[in-house]
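J.: I would like to see how this sequence folds:
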Amino acid sequence: MKRLSSFYYTLNPVSFILVNFLLIFPLVTVPFVLMVYIFNWEDIINNPYKGDFSVSMFIIAVVIAPLMETLIFQYGIIKIFTYLNPKTKYIAVFISAVLFALSHWFSWVYILFAFMFGIFLGFLYLTSEKRGFKPYWIIAAVHCLYNLFVTFIDFITTVS
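T.: Okay, the predicted model is just below:
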């Protein structure tokens, strides 16, 4: 574990972004997908944007939404809370995740996923800040990559 930790803490910013993008899958996406299938929640995910492949929707989903959500829900909330009281960083991550989740109101299942993803992004904020990276850009890049991946998967599963 120590070797893995030292590897993680020696990554440059680009590698840090890519490694954390890959960590989303075993830590957030796979557990969520398993819950969806175990509890038969497929029909209630209800994403109204599924299958919308217009250029404007692509730009919104892959660029604008992640940049704005990162600014508001991770950078803004966590920065304000930790500025006011550095001991509240974990409370800030929780509040950030709750508000991030509630902004993804398509269904309660989608809110649950967004909460898990928000927790991941919140801890990524704290970790990247501790590393001396610019947390806003790290989180925004990871979020953009994830939305790009999800949009691509949505495209290939809808078209085929």
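J.: for this structure, which helix is longest?
T.: helix 135-159 (DSSP state H).
J.: ok, and what's touching that helix?
T.: For helix 135-159, contacts defined as Cβ atoms under 8 Å, 6 or more residues apart in numbering pick out 13, 16-17, 20-21, 24, 50-51, 53, 58, 61-63, 65-67, 69-71, 74-75, 78, 117, 121, 124-126, 128-129. C-beta coordinates here come from the backbone N, C-alpha and C atoms, glycine included.
J.: Show me what counts as buried in it.
T.: Neighbour-count burial for helix 135-159 flags 135-136, 138-148, 151, 154 (criterion: 16 or more other Cβ atoms under 10 Å).
J.: Could you let me know which of the residues you listed ends up closest to Tyr37?
T.: Distances from Tyr37 to the buried residues of helix 135-159, taken as Cβ to Cβ, are shortest for Asp154 (17.6 Å).
J.: From Val36, how far off is the closest one?
T.: According to Cβ to Cβ, to the nearest Å, Asp154 and Val36 sit 15 Å apart.
J.: Just give me the residue closest to the centre of this structure.
T.: Phe117 (4.3 Å; Cα atoms, centre = their mean).
J.: SS state for Leu27?
T.: Three-state assignment for Leu27 (DSSP: H, G, I helix; E, B strand; the rest coil): helix.
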